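# Provided below for reference: sequence and predicted model.
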Amino acid sequence: MKNGIINVYKEKGYTSHDVVAKLRGILKQKKIGHTGTLDPDAEGVLPVCLGKGTKLCSLLTDKRKTYEAVLHLGIETDTQDISGKVLKECPVRVSPSEVESCIAGFLGRQQQIPPMYSALKVQGKKLYELAREGIEIERQPRPVTFYEIKILSMELPFVRFSVTCSKGTYIRTLCHDIGAKLGCMGCMESLVRTQVERFSITDSLKLSQIEALVQEGKIDEKIVSVEEMFSNYPAFFAQPHFDKMLQNGNPIPYKDQSLGERVRMYTSSGVFIGIYEWNTSRQQYKPLTIFCTPQDFQ
């Protein structure tokens, strides 16, 4: 079984679940999970967790992400992107400087209302399922953060920009909100995710490339190990008399936290156990996330 993270380039037309399903067939393993959905019409970086790496799914979902999008001013759609039903068309009479000023106003912490066409659940039903039934319900605004928004080119009514944002952000809603603030409406023309944590679009692999690497026996070279994901944490190699405690997922006593608040914990023989966190009151390192399995000790 493969363990770790692989940087997949999700192509247009695939859902994130489609990518996982296809990878299960290519890698011949079931334990696979993705790290946050991309709309079928969007493309780009989709880190996929394999084997033990599936414990990292929620961790990577929380990371900031970078996108490149094209805003189409003058059009409002029901899905907030160009694939939706056109609700309104408006003349675009704004100047480039007005567009720049408006976009700059979205920097920092904002409140964003999730779109009806989204996978968020309300009373057990996904919003897009309600939207397809013609039902629109009130959604509560959610806090999001835009760390950077940079205009790459502008040929009105089109504006191409890159944006780095927090988890749970809808870029098509950002496009809609920019258009609404300018008074001419707007929707998202296209979207490419270019970065998630350390995973960049330049290193991403299409499914066809992954399949070829599997056939060549070279796929392991492209999988980032779980240990590597935590390379910023110092390594802690325990004394032999603590090995059994670690195998059972127990905390281990230590004199101080000189190694750091969090460490990569190993047995004395070098088996990676997981991430341990310092507990001051008990003077010990306690398990935060365990990645080892019984098979690691056979």
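Yep, it's here.
# Going by C-alpha atoms from here, please, whenever you check contacts or count neighbours.
Fine.
# ranges for the strands of the stretch 151-298 of the chain?
158-165, 186-196, 199-200, 223-224, 235-237, 252-253, 262-266, 272-279, 284-290 (DSSP state E, counting those that start in this stretch).
# hmm, who's touching the third one?
Judged by C-alpha atoms under 8 Å, 6 or more residues apart in numbering, the contacts made with strand 199-200 from elsewhere in the structure are 7, 45, 47, 194.
# remind me which residues of the stretch 1-150 of the chain are low pLDDT?
Judged by pLDDT under 70, the stretch 1-150 of the chain has its weakly predicted residues at 61.
# so where do the strands sit in it?
4-10, 32-34, 43-50, 65-73, 75-77, 86-89, 108-112, 121-122, 125-126, 142-155.
# Residue 66 contacts residue 167, doesn't it?
No: with contact defined as C-alpha atoms under 8 Å, residue 66 does not reach residue 167; the gap is 10.4 Å.
# Okay, residue 237 and residue 268: tell me how far apart.
5 Å (C-alpha to C-alpha, to the nearest Å).
# got the end-to-end distance for stretch 98-114?
Terminal residues of stretch 98-114 are spaced 25 Å apart (C-alpha to C-alpha).
# buried set for it?
Neighbour counts over stretch 98-114 (16 or more other C-alpha atoms under 10 Å) mark 99, 103, 106-107, 112-114 as buried.
# and what of stretch 246-261?
When burial is assessed from 16+ other C-alpha under 10 Å, stretch 246-261 yields the following buried residues: 246-247, 249, 251-252, 257.
# Out of the residues you listed, flag the one nearest to residue 219.
residue 247 (29.4 Å; C-alpha to C-alpha).
# And residue 237 and residue 268? Which one has more around it.
Neighbours were counted for residue 237 and for residue 268 using other C-alpha atoms under 10 Å; residue 237 has more, 18 against 15.
# Isn't residue 141 up against residue 111?
Yes: Residue 141 lies in contact with residue 111 (C-alpha under 8 Å); the separation is 5.5 Å.
# farthest residue from the center of this protein?
In terms of distance from the mean C-alpha position of the chain, residue 241 ranks first, at 39.6 Å (C-alpha atoms, centre = their mean).
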